[in-house]
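Chemist: my questions concern the predicted model and sequence given below.
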Amino acid sequence: MLEDAGLEVFIPEHENLSKDEWLSYCKSNDMILSVGGEFKYDTDFFNECPNIKAIALYSVGFDHVDIKEANQRNIPIGNTPNVLSRATSDVAFLLMQSVARRASYNFEKVKAGNWGDFDPLHALGQELYGKTLGIFGLGRIGFEMAKKSKAAFDMKIIYHNRHQNEEAEKELDAKYVSFDELVSQSDVLSIHANFKQEQKELFNSSVFEKMKENAIFINTARGGFHNQKDLYNALAEHKIWGAGLDVTNPEPIYKEDPILELSSVCVLPHIGSATIEARNGMAKLAAQNLIAFSKGEKMPACANPDVYK
Ligand code: 8YV
């Protein structure tokens, strides 16, 4: 697609480039398409790569980019919203159900040859019907999660956001609440916000303390939102019911992390957008962003639209 649009494309010789290899690659190009979130596009990067004029991310999240710095240098940062909203919210929905019914724990037991005798009190889960789903950050992905949960389980939707979401209030009868109300009223609390450094470990012991005993904590956004040790303690001390994580802190998770031992937890390796449909959509949108930039047009999806003012 990029070559068809007349762009000269350089593909690194191998995957899993070291930081220095990627840096030297960036120094000799003026636009980049960046996959993954490990590499930081910060002041040092922009100083070392003064030729860079545009960056297309292969992600909706842009927490690894210093947007203020990019704005100052007039560098548009393309991202990939919408195309992954269904896939990512599907994973949040899947984790919610898996944790409610302890699916991954029970699967582990079956795999270990430990089916167990019938016992009316054994492997009891909880039902989600009519329960309250709290969304932290009701944007595109949060909306899809709320829509599915309402349709499947008639869940009541409450949310906390920077701005009220009129569409969700109208279509899903979602109710805007304060952060404290979100924490104390949710049966399932699911994070769908863009991560900012000032929100680092916002979900910590003081928050887990205020959650309901039957509450399920879901994070498919960024691991940085939660303090993993505090989450472990809350789960181990049965202060909350369970947790479904597609993102961890740190990421990747250490295999020794005690949280993996808990029957109340389901952890996935950041696969929210990992469907054929979503990844194709992301690739296409990332390419469209670069093509638009090369033609002097606005990127169709830009994380810092202020550069066009
Ligand atoms: C990607 C993501 O897996 O879009 C995001 O922000 O976290 C995921 O979709 C990842 O960032 C791939 O580049």
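Modeler: Okay, I see it. Numbering: from 1, shown residues only.
Chemist: surely V35 is in contact with Y58?
Modeler: Yes - when contacts are counted by C-beta atoms under 8 Å, V35 is listed as touching Y58 (4.4 Å). Where you see a C-beta, it was placed from the backbone N, CA and C, and this is true even at glycine.
Chemist: which one's more surrounded, those two?
Modeler: Each of V35 and Y58 has its neighbours counted (other C-beta atoms under 10 Å); Y58 has more, 19 against 15.
Chemist: please work out the average pLDDT along stretch 293-303.
Modeler: For stretch 293-303, mean pLDDT rounds to 97.
Chemist: is the ligand contacted by that stretch?
Modeler: No - counting by C-beta under 6 Å from any ligand atom, the ligand has no neighbours in stretch 293-303; the shortest distance is 10.5 Å.
Chemist: could you export that stretch as PDB, CA atoms only?
Modeler: Extracted in PDB, the C-alpha atoms of stretch 293-303 (Å, rounded to 0.1, in the frame of the first residue of the first chain):
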ATOM      1  CA  PHE A 293       1.100  13.000   5.500                       C
ATOM      2  CA  SER A 294       3.300  12.400   2.500                       C
ATOM      3  CA  LYS A 295       0.700  14.200   0.300                       C
ATOM      4  CA  GLY A 296       0.600  17.100   2.700                       C
ATOM      5  CA  GLU A 297      -2.900  16.100   3.900                       C
ATOM      6  CA  LYS A 298      -4.200  15.600   7.500                       C
ATOM      7  CA  MET A 299      -3.700  12.100   8.900                       C
ATOM      8  CA  PRO A 300      -7.100  10.400   9.100                       C
ATOM      9  CA  ALA A 301      -6.400   9.400  12.700                       C
ATOM     10  CA  CYS A 302      -4.000  11.700  14.600                       C
ATOM     11  CA  ALA A 303      -3.200  11.600  18.300                       C
END
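Chemist: show me what counts as buried in it.
Modeler: Buried residues in stretch 293-303, counting neighbours by 16 or more other C-beta atoms under 10 Å, are found at F293, S294, M299, A301, C302, A303.
Chemist: quick one: that stretch to chain centroid distance?
Modeler: 24 Å (C-alpha atoms, centre = their mean, to the nearest Å).
Chemist: ok, now stretch 112-122?
Modeler: Taking mean C-alpha positions (C-alpha atoms, centre = their mean), stretch 112-122 and its chain are 34 Å apart.
Chemist: just stretch 288-308 next, same as before
Modeler: That offset, for stretch 288-308, works out to 23 Å (C-alpha atoms, centre = their mean).
Chemist: thinking again about what came up before, farthest pair within the buried residues of stretch 293-303?
Modeler: S294 and A303 (18.1 Å; C-beta to C-beta).
Chemist: around the ligand, which positions in the stretch 51-200 of the chain sit nearby?
Modeler: Y58, S59, V60, G61, L84.
Chemist: most neighbours of all the residues you listed, which one?
Modeler: Highest count within these by other C-beta under 10 Å belongs to L84, 25 neighbours.
Chemist: OK, contacts around it?
Modeler: For L84, the contacting residues are V60, I141, G272, S273, A278, G281, M282, by C-beta atoms under 8 Å, 6 or more residues apart in numbering.
Chemist: tell me the pLDDT of it.
Modeler: So L84 comes in at 98 (pLDDT).
Chemist: distance between the ends of stretch 292-305?
Modeler: Using C-alpha to C-alpha, to the nearest Å, the end-to-end distance of stretch 292-305 comes to 14 Å.
Chemist: spatially nearest residue to D180, not counting backbone neighbours?
Modeler: K210 (7.0 Å; C-beta to C-beta, 6 or more residues apart in numbering).
Chemist: cool, Y129 as well?
Modeler: Closest to Y129 by C-beta to C-beta, 6+ apart is F153, at 5.0 Å.
Chemist: also S186?
Modeler: Closest residue to S186 apart from its sequence neighbours, by C-beta to C-beta, 6+ apart: G134 at 3.0 Å.
Chemist: can you pull out the helices in the stretch 151-300 of the chain?
Modeler: 166-172, 179-185, 205-208, 228-236, 276-294 (DSSP state H, counting those that start in this stretch).
Chemist: format those as JSON lines; extra columns: distance to V307.
Modeler: Converted to JSON lines, the helices of the stretch 151-300 of the chain look like this (distance: least, C-beta to C-beta, whole Å):
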{"stretch": "helix 166-172", "distance to V307": "27"}
{"stretch": "helix 179-185", "distance to V307": "31"}
{"stretch": "helix 205-208", "distance to V307": "35"}
{"stretch": "helix 228-236", "distance to V307": "35"}
{"stretch": "helix 276-294", "distance to V307": "10"}
